[in-house]
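Trainee: got a sequence here, can you build the structure:
(one chain, ligands or ions: 1)
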Amino acid sequence: MAQSAGVAEQVRRVTGRPVELVEITTYGDVSRESLARIGGTGVFVSALRDALLSGEIDLAVHSLKDLPTGRPPDLALAALPPRADARDALVARDGLSFEQLAVAGGRARIGTGSPRRMAQLNAWARALGCEIETVPIRGNVDTRIGYVRSGELDAVVLAAAGLHRIGRAAEVTELLAPDIVLPAPGQGALAVECAAANAALTAQLGGLDDPHTRVAVTAERTLLATLEAGCSAPVGAYADLLSEVTGQAVTHMRLRGVVGTTDGTTLVQLSTTGPLPASTGEAAAVGRRLAEEMLAKGAAGLMGERAH
Ligand SMILES: NCc1[nH]cc(CCC(=O)O)c1CC(=O)O
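Mentor: Numbering: from 1, shown residues only. So this is what the prediction gives:
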């Protein structure tokens, strides 16, 4: 609701039209099943898409990372607004960082059911000569942070963007550096979808689109699609847009990808830097090439059960 309210405000501004928020509860919101099992199939988006197609709503706001990479032909990805912080965030007891927790003695208990986060956190702990225990959790932000406040867990890992949007960024004890924990493809970005037939609205919503965000997430999501992995696979990808001179226009894009076993014993991590892609087609080609290199290094064997 918080992220939709933000988009609603922008839609009012660019279209001059009144906007009404319609609350829709999705299967992903109510189910407590592991996302590693039910993710990748649109559990957070299907109910919103049904409402779009039935005409109950005119536009839907999704977290891009929840959107399956395949595009339904009757829906348009009308806008990708400027992306928020893509990083994962640690909310730990006593204001601790990951390293402090890991070396504190005993096995730190860290809440996350995400195979991507598990793989990278376990690899990080291993590099520090420690072992952690990852505990699968589900639920909204309150529920998840509640496990830390109650002392049941030492920490939880959540997307920084989600915490920012609901005004809880102050509870973050460490923003995880993408060098160590690469976020999910598209993390921190929103997607505004509408019926493809609604050409007038699609065109108006284009005013909310950020071309740099679109280029970056196209590279990340094409990497994911090329690996034939879903949002539930242990795959991280992040495209940075870089300037040759600090503060000057963006000239380059660096794309990083990672896939690993959830126990963190094996990670395939690759990075590529090149000129800023001039189109989403070029951005997709960068994602595809890096994914192919990852596959050549054995990525497929690390992904376990594929999302379907
Ligand atoms: N899979 C659930 C989900 N989908 C989007 C976000 C956070 C917001 C975002 O990435 O934009 C989250 C929660 C989380 O990862 O902590």
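Trainee: how about the residues of the stretch 101-250 of the chain that lie near the ligand?
Mentor: Proximity of the stretch 101-250 of the chain to the ligand, by CB under 6 Å from any ligand atom, involves residues 158-159, 161-162, 187-188. The C-beta positions use only the backbone N, C-alpha and C, and glycine is treated the same way.
Trainee: could you look up the SS state of Arg71?
Mentor: The local conformation at Arg71, judged by DSSP: H, G, I helix; E, B strand; the rest coil, is coil.
Trainee: same check, this time on Ala78
Mentor: Here Ala78 is recorded as strand under three-state DSSP.
Trainee: can you give me the helices for the stretch 201-308 of the chain?
Mentor: 211-226, 280-296, 299-302 (DSSP state H, counting those that start in this stretch).
Trainee: buried deepest among the ones you listed, which one?
Mentor: helix 211-226 (a mean of 24; mean count of other CB atoms under 10 Å).
Trainee: what does that one contact?
Mentor: 64, 69-70, 80-83, 185-186, 189, 230-231, 233, 235, 237-241, 250, 253, 255, 257, 276-277, 280, 283-288, 290-292, 294-295 (CB atoms under 8 Å, 6 or more residues apart in numbering).
Trainee: please enumerate the strands of the stretch 1-150 of the chain.
Mentor: Using DSSP state E, counting those that start in this stretch, the strands found in the stretch 1-150 of the chain span residues 59-63, 75-79, 88-92, 108-111, 132-135.
Trainee: paired strands for the last one, with orientation please.
Mentor: Strand 132-135 has the following strand partners under DSSP bridges: strand 108-111 (parallel).
Trainee: pull the distance from the strand it pairs with to the chain's centre.
Mentor: Put simply, strand 108-111 sits 21 Å off its chain's centre (CA atoms, centre = their mean, to the nearest Å).
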